[in-house]
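*Asks:* Using only what follows, build the 3D model:
(4 chains)
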Number of protein chains: 4
Amino acid sequence: MVYFNSDYMVGAHPEVLARLIETNAAHTVGYGDDEYTARARELILRRCEIPSGNVFFMVGGTQTNAVVIDRLTDRNDGVIAAETAHIAVHEAGAIELTGHKVLTLPDPEGKLRADAIDRYMSTFYSDETNPHMVRPAIVYLSFPTELGLLYSKQELEDIYNVCRRWNMLLYIDGARMAYGLASPANDLELSDIARLCDAFYIGGTKCGALFGEAVVTRRPELFNRFISLMKMHGALLAKGRLLGVQFETLFESDLYERIGRHAVDMALKLREIFTARGYRAVYDSPTNQQFFQLPNDVVERLKAGASFELWGAPGPSASTVRFVTDWATTSATLDTLATLLQPLSH
Amino acid sequence: MVYFNSDYMVGAHPEVLARLIETNAAHTVGYGDDEYTARARELILRRCEIPSGNVFFMVGGTQTNAVVIDRLTDRNDGVIAAETAHIAVHEAGAIELTGHKVLTLPDPEGKLRADAIDRYMSTFYSDETNPHMVRPAIVYLSFPTELGLLYSKQELEDIYNVCRRWNMLLYIDGARMAYGLASPANDLELSDIARLCDAFYIGGTKCGALFGEAVVTRRPELFNRFISLMKMHGALLAKGRLLGVQFETLFESDLYERIGRHAVDMALKLREIFTARGYRAVYDSPTNQQFFQLPNDVVERLKAGASFELWGAPGPSASTVRFVTDWATTSATLDTLATLLQPLSH
Amino acid sequence: MVYFNSDYMVGAHPEVLARLIETNAAHTVGYGDDEYTARARELILRRCEIPSGNVFFMVGGTQTNAVVIDRLTDRNDGVIAAETAHIAVHEAGAIELTGHKVLTLPDPEGKLRADAIDRYMSTFYSDETNPHMVRPAIVYLSFPTELGLLYSKQELEDIYNVCRRWNMLLYIDGARMAYGLASPANDLELSDIARLCDAFYIGGTKCGALFGEAVVTRRPELFNRFISLMKMHGALLAKGRLLGVQFETLFESDLYERIGRHAVDMALKLREIFTARGYRAVYDSPTNQQFFQLPNDVVERLKAGASFELWGAPGPSASTVRFVTDWATTSATLDTLATLLQPLSH
Amino acid sequence: MVYFNSDYMVGAHPEVLARLIETNAAHTVGYGDDEYTARARELILRRCEIPSGNVFFMVGGTQTNAVVIDRLTDRNDGVIAAETAHIAVHEAGAIELTGHKVLTLPDPEGKLRADAIDRYMSTFYSDETNPHMVRPAIVYLSFPTELGLLYSKQELEDIYNVCRRWNMLLYIDGARMAYGLASPANDLELSDIARLCDAFYIGGTKCGALFGEAVVTRRPELFNRFISLMKMHGALLAKGRLLGVQFETLFESDLYERIGRHAVDMALKLREIFTARGYRAVYDSPTNQQFFQLPNDVVERLKAGASFELWGAPGPSASTVRFVTDWATTSATLDTLATLLQPLSH
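*Replies:* Predicted structure coming up:
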């Protein structure tokens, strides 16, 4: 069986695991005050070229989004997101748990557009009933998006400009950051991203870590008493050094890049396997998630040897499926997939 | 100057005021445990034909929606509403304050449709990521809607059937209930409404009271420790008898009906004044809110003698305006409006 | 029957009621943007000698405490209060509803002490686990306290100094402010109170209004988007002018003072009635609440002609009772009470 | 340097780590739907002798307490705990974040007493202002307590009986469960604990796991849609199998017991080292946390070779210190400590 359901199906990348093993017996203080964490912070800030910034480590993505958005908003503030945004659909109301409304904008391709945000804000501020409405205080976007797409440097600059015009913050969910950075279609570096938003997170869980996300900000003044807020959200890991050790490993060499490149490389080859056989890619994704429209009998027969996900409800004759690659996807995995597809298409 | 901005521009209907004056010096216990409140409850339950039901009184509509929805939902539940619903747009996040996501359905006319709810629910329950999503536990609708429209008995039955099929509760916001009940287009009585939902509220603030809303339910078992929850929300009035006195007055005679009929009568005459002059009614509202598309110069000149609201942003040459009637609107008021319109249209 | 249960058993003081009647038919915009409210604000600011301050009006005390404390705290902040504080005991968790812990200090007499607050804070800030604890960000006290006692000008200055030393705000609950100001034991004026805290509220509900509380602050910058927050809490009255009209009436003459003086005068006479007969006042209250220790048979026989409250659980042979006076208490009321006590004590 | 600061200073017990390495490359579905987690659940239920119960896995203790208490309470419910309880003091308001007040009872020894709970409840239910107060719906206790003490079987039975009498649930925080179970002073087995409460958690983080806590309940009907609630709290681990793998390892052999026994054995030897030298144990702890009163010069000199924590503020001449043991504490560690203490006491 070959697996393409998601990028959190296996443990840690071997190099990350090796470091966890190597440091297992060390004694450190808890809650992230250890030296591994300090070094991981240092490495990330250097890579992001924001020496006076700060980095905070949490365990998972929903948790990270909830705590960061709770910190960057005032009590009665909301967050603008695309209709398909993870925080709008798949976090079980984690943002609302602390009272923040997710204000969604329609998004044919699952991306926010600077002009749509601008229009929304000018309507909000010209409406006399504005005190009766939730104030949009922050914009949330995912890079890559939930559908595998990217924002170009220009698009991100435009969005950030709109945010600043309306006195909003910009926060970027980088759960799959490695795959965005490594994509041949990408023109952004980590340092660009750090510069073009107020805070973002570098995803570990889906990008080679056992678990963990690194929140990065060039504006530490926005993160007042943040460790305490993490604790209040149940998001402060006792053995915080586990996060430090992992991110130190990912960023002291080019490991994070390598993980991203490998998975994207595999994804583009996988795409070729499908399109060469005449199957349509549903979104033009240049990252590690690929979506195809497949005849239902092909879907059924593929299932015999491959594990993957239906995307939405199955159609009458054809369905959309998602294939995801990661560091553990190999050329052999793809060969198996190709073979599985072979007999099916004759 | 004649006023049409809203139905909360004046104090109480004279009969309600008279009773407040008459009872002002009486001593009663606080928090709604008094005899006026008991009698108001009794009268409303009788009118609704649900003798074993219960009634709770609060001060305003947003407060009422927030406390009732908080009670009828479990922690991680959401509420389905139309995109234009008051709770979705104009309550500043009062529903989200206690963690409940408002799940909006598109609504060309500002009304929920049974089949759209059904479709939403079957998608929700067939989606494998359902634990990652907010569970729709309750449906909210306004009668009349924010745009003055009504649900027919058949439409309400269909919606309630869908709710029961999916194990959801139905809650009706009756901020302008008097005007819905009194509309010639309406085929629902209070007893129908009480039967076709799990809870609803009878609006007082916009229907002749100084303030106050009466939450009615035929299922008191759903309202466990509700007085305490009201207190927790800051929604328990110390001199609770003020609410009892007002609703007793509204329901011991046909006063609530009279208030509704008068305002709807005025609204339909007002509509005639506009349409007779060739102005288009934007929504086909049979209740006390009327929306017209008016040339901007007409809007400007009307403003000299009439107070009313723009509905949304003004257009380049014409704009949508809202006119609202209530118990204090008189034939003389309408005559003044007609006169104002006269010179403007020649 | 004579009534002493509380100060919210009757309607509005006749002068307040008269003004509500007089203004009933006026048309105004909603939500407190009317002229009555503007004038009430002006009058209160003048009386408080803080022309650049601001005033906000809400309906009840618990609501007011919840919204103000929610505004003056950051997400993960708590509020210091006496163990007997209204917010700690009798608001059904309204402060916790939006996530703020009430940090209580022991208080033999129901009063906060500057040195106890100081000790608490120095312990908090010297504790290394401080990020794991709720930060005390605001101090809450009641003037008069729940037991009828007062803070002297010196005591209040000391407390406010401690607050500033530790970067905390001070908020005063003035539900019964009129009775504190009017007490012969009081050395504070409204302008002192306005100066010696960051925000406080002037109680209307218990001091002659039908309902309503006026939040006063000399630091309006602390109340960012406060109308919207009120809305979010369901605390923004649609017919906001009702609050304006009442407070305008209370403060355009010396009515608020007169109401306070009368009730305190009655309370001290009432106290004399009891103590002259040998019954002990439990707290040395110089305001409108009086607490006595009475033999249980006296309690029982008093109940025949007077309504009042037991304070806590009844004791085996004697119990503590509370008697409260207000504008509606008359000399005749006291005479009746004295007569009731007469035969009981021989 | 020898370390005694806490039981979360090192990584995982070697056997746990070995299993994580061994399973690292396996592909599983996410969010705890994998076979490792299923098997861990099965093993724990068998050990607890509640075959029809359920087990949920989370990452850390504060998170676990917050999500479980949020589930076991209604919106306006509070939780009774000892004044020194972790949820009352050291969770930064995580319980209040979702609106639940922590109602603390004084506790000279840091333990709840059945009769004190009973008294609190009878006062609550006999108080007429009860709707104005937070309803105690659940009792929280720690086993062992924050000070290392245990509840006997009789004490726990008494407390659970009081809970049932007042219709409250009982929830036990077992962050250090291994050390309680393994103590020579303990007379409770896991199956007793499972039977004598409604839910509890078996601590992994402090007892040999890399991280993780296992919530156990014999009443799964109380945990409606709990996975979704975990998601809402940001507490659902993507690679959920990491928790399953660890708890499977801890419970498929007697590893959890061995870890407990070893640390308690070390703790009691450590205690002997101190008391033999005349230093007083502050609490009579039979578990892995030991508290001593030490002269300040001893404290200072010990610091040269040992890492441990001051407990509270230092005193003028002597201070209280805490020493904690775990699976990584060895006889050699204790020898070093003894040696450090040697020259100090001559």
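*Asks:* Please, where are all the strands along chain A?
*Replies:* Secondary structure of chain A (DSSP state E): strands located at A:2-3, A:54-58, A:77-82, A:102-105, A:135-142, A:169-174, A:199-203, A:213-217, A:280-281, A:289-295, A:306-307, A:309-310, A:318-324.
*Asks:* Show me what the third one is packed against.
*Replies:* So the one you mean is strand A:77-82. Using 3 or more CB pairs under 8 Å, 6 or more residues apart in numbering or on different chains; DSSP states H and E, the elements in contact with strand A:77-82 are helix A:86-89, strand A:102-105, strand A:135-142. Glycine gets a C-beta too; all of them are placed from N, C-alpha and C.
*Asks:* how about 10 Å then?
*Replies:* helix A:61-72, helix A:86-89, helix A:94-97, strand A:102-105, helix A:114-126, strand A:135-142, strand A:169-174 (3 or more CB pairs under 10 Å, 6 or more residues apart in numbering or on different chains; DSSP states H and E).
*Asks:* By mean pLDDT, point me to the weakest helix or strand of chain A.
*Replies:* Across the helices and strands of chain A, the lowest-confidence element by mean pLDDT, DSSP states H and E is helix A:331-345, at a mean of 86.
*Asks:* quick one: it to strand A:318-324, angle?
*Replies:* 170 degrees (axes from the mean of the first three to the mean of the last three CA atoms, to 10 degrees).
*Asks:* Okay, buried residues for helix A:331-345 please.
*Replies:* A:T333, A:L334, A:L337, A:A338, A:L340, A:L341, A:L344 (16 or more other CB atoms under 10 Å in any protein chain shown).
*Asks:* The residues you listed also near chain B: which ones?
*Replies:* When CB under 10 Å from any CB of the partner chain is applied, no member of the buried residues of helix A:331-345 is adjacent to chain B.
*Asks:* of those, closest to C:S183?
*Replies:* Nearest to C:S183 out of the buried residues of helix A:331-345 is A:T333 (CB to CB; 82.7 Å).
*Asks:* Is the longest helix along chain A positioned near chain D?
*Replies:* Scanning chain A for the helix with the most residues, using DSSP state H, yields helix A:255-276. No: applying CB under 10 Å from any CB, one finds helix A:255-276 out of contact with chain D, separated by at least 14.7 Å.
*Asks:* if we can go back for a sec, can you add distance to B:V298, mean pLDDT and mean neighbour count and give the strands of chain A back as a markdown table?
*Replies:* Listed next are those as a markdown table, based on distance: least, CB to CB, whole Å; pLDDT from 0 to 100; neighbours: other CB atoms under 10 Å in any protein chain shown:
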| stretch | distance to B:V298 | mean pLDDT | mean neighbour count |
| --- | --- | --- | --- |
| strand A:2-3 | 67 | 96 | 20 |
| strand A:54-58 | 58 | 98 | 25 |
| strand A:77-82 | 36 | 98 | 26 |
| strand A:102-105 | 34 | 97 | 21 |
| strand A:135-142 | 34 | 98 | 25 |
| strand A:169-174 | 43 | 98 | 26 |
| strand A:199-203 | 50 | 98 | 26 |
| strand A:213-217 | 53 | 98 | 26 |
| strand A:280-281 | 54 | 94 | 13 |
| strand A:289-295 | 52 | 97 | 22 |
| strand A:306-307 | 66 | 96 | 18 |
| strand A:309-310 | 56 | 94 | 15 |
| strand A:318-324 | 51 | 97 | 22 |
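*Asks:* Reformat those strands into JSON lines and put distance to D:A185 next to each item.
*Replies:* What follows is the strands of chain A, written out as JSON lines (distance: least, CB to CB, whole Å):
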{"stretch": "strand A:2-3", "distance to D:A185": "49"}
{"stretch": "strand A:54-58", "distance to D:A185": "38"}
{"stretch": "strand A:77-82", "distance to D:A185": "52"}
{"stretch": "strand A:102-105", "distance to D:A185": "52"}
{"stretch": "strand A:135-142", "distance to D:A185": "52"}
{"stretch": "strand A:169-174", "distance to D:A185": "50"}
{"stretch": "strand A:199-203", "distance to D:A185": "46"}
{"stretch": "strand A:213-217", "distance to D:A185": "42"}
{"stretch": "strand A:280-281", "distance to D:A185": "66"}
{"stretch": "strand A:289-295", "distance to D:A185": "55"}
{"stretch": "strand A:306-307", "distance to D:A185": "51"}
{"stretch": "strand A:309-310", "distance to D:A185": "52"}
{"stretch": "strand A:318-324", "distance to D:A185": "52"}
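*Asks:* Those residues of the stretch 1-150 of chain A touching chain C, which are they?
*Replies:* Near chain C, when you scan the stretch 1-150 of chain A using CB under 10 Å from any CB, you find A:31, A:33, A:67, A:70-71, A:73-77, A:98-99, A:101, A:128-135, A:137.
*Asks:* cutoff 7 Å now
*Replies:* When proximity is defined as CB under 7 Å from any CB of the partner chain, the stretch 1-150 of chain A approaches chain C at A:D70, A:R75, A:N76, A:P131, A:H132, A:R135.
*Asks:* Nearest to B:V216, out of these: which one, please.
*Replies:* Closest to B:V216, out of all of those and judged by CB to CB, is A:H132, at 25.4 Å.
*Asks:* What about that closest one, how many residues nearby?
*Replies:* 21 (other CB atoms under 10 Å in any protein chain shown).
*Asks:* likewise A:S152?
*Replies:* 12.
*Asks:* same question, A:D254
*Replies:* Residues lying near A:D254 (other CB under 10 Å) number 11.
*Asks:* circling back to that earlier point, relative to helix A:255-276, how tilted is the least confident helix or strand of chain A?
*Replies:* If you take the same axes, to 10 degrees, helix A:331-345 sits at 20 degrees to helix A:255-276.
*Asks:* wait, does stretch A:1-11 contact chain B?
*Replies:* No: counting by CB under 7 Å from any CB, chain B is not contacted by stretch A:1-11; separation bottoms out at 10.9 Å.
*Asks:* ok, and what's touching that stretch?
*Replies:* For stretch A:1-11, contacts defined as CB atoms under 7 Å, 6 or more residues apart in numbering or on different chains pick out A:17, A:176, A:205-206, A:210, A:288, A:305-309, A:323-326, A:328, A:333, A:336-337, D:23-30, D:238-239.
*Asks:* And these, which of them are buried?
*Replies:* Among these, those buried by neighbour count (16+ other CB under 10 Å) are A:17, A:176, A:205-206, A:210, A:288, A:306-309, A:323-326, A:328, A:333, A:337, D:23-24, D:27-30, D:238-239.
*Asks:* Sketch out the low-pLDDT regions of the stretch 201-346 of chain A for me.
*Replies:* By pLDDT under 70, the low-scoring segments of the stretch 201-346 of chain A are A:343-346.
*Asks:* give me every residue that touches the closest residue to chain D within it.
*Replies:* Of all residues in the stretch 201-346 of chain A, A:G234 sits closest to chain D, at 3.0 Å by CB to the nearest CB. Contacts for A:G234 (CB under 7 Å, 6+ apart) come out as D:G60, D:T62, D:Q63, D:A66, D:A94, D:H233, D:A235.
*Asks:* how close does it sit to C:S253?
*Replies:* 55 Å (CB to CB, to the nearest Å).
*Asks:* first to last residue in stretch A:250-261, what's the distance?
*Replies:* With CA to CA, to the nearest Å as the measure, stretch A:250-261 spans 14 Å from end to end.
*Asks:* Go through it and flag the buried ones.
*Replies:* Within stretch A:250-261, the residues that count as buried by 16+ other CB under 10 Å are A:L250, A:F251, A:L255, A:Y256, A:E257, A:R258, A:I259, A:G260, A:R261.
*Asks:* Done for today, thanks.
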